[in-house]
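Engineer: Pasted the sequence and its predicted model underneath.
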Amino acid sequence: MFEKGGGDDIITDFQDGIDKILLKGDLTFDDLTFTVNEFGAVKGSYEGGSILFKNITDKSKITADDFISNRVANIADVAQDGSDIAITSSDWDIFG
Ligand SMILES: [Ca+2]
């Protein structure tokens, strides 16, 4: 999960349209500012941290649809469709 102050995270194999990023706490998609770093990878920065999409080079591919908030009642329900969900900051795990 990614939350304010969560530090810098790297996702190496994001599958656009399949994987979802869980935003924890009061962090929302609107808090993210997307840039492309010096290596051509998309980076979403927020207060206290960032999420680097190491294999994504097109900013337009990362939209609100790629994120879920922790207001989703049951994360397991989301994961059942085979999606991977990144769920921690610093270390992250995959469900699905
Ligand atoms: Ca997308």
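Structural biologist: Looks like it arrived, so ask away.
Engineer: Now do the strands for the protein: every range, in order, please.
Structural biologist: Assignment of strands within the chain using DSSP state E yields the ranges 7-11, 20-23, 33-36, 42-46, 49-53, 67-69, 85-86, 94-95.
Engineer: which of those strands sits most buried?
Structural biologist: With neighbours defined by mean count of other CB atoms under 10 Å, none of the strands of the chain is more surrounded on average than strand 20-23, at a mean of 23. Any C-beta I mention is one placed from the backbone N, CA and C, and that applies to glycine too.
Engineer: near the ion, which residues of the chain?
Structural biologist: Contact residues (CB under 5 Å from the ion) of the chain with the ion: Asp16, Lys61, Asp66.
Engineer: quick revisit: now render the strands of the chain as TSV, adding mean pLDDT.
Structural biologist: As requested, the strands of the chain are exported to TSV (pLDDT from 0 to 100):
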stretch	mean pLDDT
strand 7-11	83
strand 20-23	84
strand 33-36	96
strand 42-46	93
strand 49-53	90
strand 67-69	81
strand 85-86	54
strand 94-95	44
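Engineer: quick revisit: show me which of the residues of the chain next to the ion is closest to Asp8.
Structural biologist: Comparing the residues of the chain next to the ion against Asp8 with CB to CB picks out Asp66 as the nearest, at 18.3 Å.
Engineer: Now for that closest one: which residues touch it?
Structural biologist: Taking CB atoms under 8 Å, 6 or more residues apart in numbering as the definition of contact, the neighbours of Asp66 are Phe14, Asp16, Asp19, Lys20, Ile21.
Engineer: ok, how many other residues are close to the third one?
Structural biologist: When neighbours are defined as other CB atoms under 10 Å, Asp19 has 18 of them.
Engineer: Could you tell me how far it is located from Glu47?
Structural biologist: Going from Asp19 to Glu47 by CB to CB, to the nearest Å gives 23 Å.
Engineer: export the residues of the chain next to the ion to CSV and tack on pLDDT and distance to Gly40?
Structural biologist: Compiled in CSV, the residues of the chain next to the ion are given as follows (pLDDT from 0 to 100; distance: CB to CB, whole Å):
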residue, pLDDT, distance to Gly40
Asp16, 91, 16
Lys61, 96, 13
Asp66, 91, 19
